[in-house]
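K.L.:
sequence? don't have it. structure:
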């Protein structure tokens, strides 16, 4: 049995109409129709397998594929996409503000006197104790605490200025 290309378009339209009563999603219908035609072609290539009614066989294959699709879809959990779903990433303007704020803080830390910056980095970033920092830099633990207090005060004052200005973004 030889089926010409022009005949497939007729079968395709018939199957789409047939599945239209069973499957609401046009893309899923199209996928099922294509898979049904592929399976028919594979079946047709087997030796000694005459096909008496191509339309009936295509409908049977598509019905089986439809049942398989709904069986699989019933096992999956779907989340409908809406504009109400929040994105886990911050909005672009928030990300820009965060980058700008980070750049401002980095510039402020860089502008600190060398010893204050070193004490601040060791104490706050590396998590060393006041005693460890004092021993490593050859200063007293009280001096470590004073440097930390001044560094934190500098940062708070800079952030306060930024907040009074309305944020790090400049128009």
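P.N.:
Looks like it arrived, so ask away. Model, not experiment: these values are computed from the prediction.

K.L.:
Give the buried residues for whichever helix in the chain runs longest.
P.N.:
Ranked by residue count under DSSP state H, the longest helix found in the chain is helix 141-165. With burial defined by 16 or more other Cβ atoms under 10 Å, the residues of helix 141-165 counted as buried are 143-144, 147-148, 151, 154-155, 158, 162. Quick note: C-beta positions are derived from backbone N, CA and C, even for glycine.

K.L.:
Please apply the same query to stretch 103-111.
P.N.:
By neighbour count on 16+ other Cβ under 10 Å, the buried set for stretch 103-111 is 104, 108-109.

K.L.:
Helices of the protein, residue ranges please.
P.N.:
Under DSSP H, the chain gives helices at 5-20, 26-44, 54-75, 92-111, 114-120, 130-137, 141-165.

K.L.:
Is it possible to get JSON lines of the ones you listed that adds mean pLDDT?
P.N.:
JSON lines is the format used below for those (pLDDT from 0 to 100):
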{"stretch": "helix 5-20", "mean pLDDT": "78"}
{"stretch": "helix 26-44", "mean pLDDT": "88"}
{"stretch": "helix 54-75", "mean pLDDT": "86"}
{"stretch": "helix 92-111", "mean pLDDT": "84"}
{"stretch": "helix 114-120", "mean pLDDT": "93"}
{"stretch": "helix 130-137", "mean pLDDT": "92"}
{"stretch": "helix 141-165", "mean pLDDT": "87"}
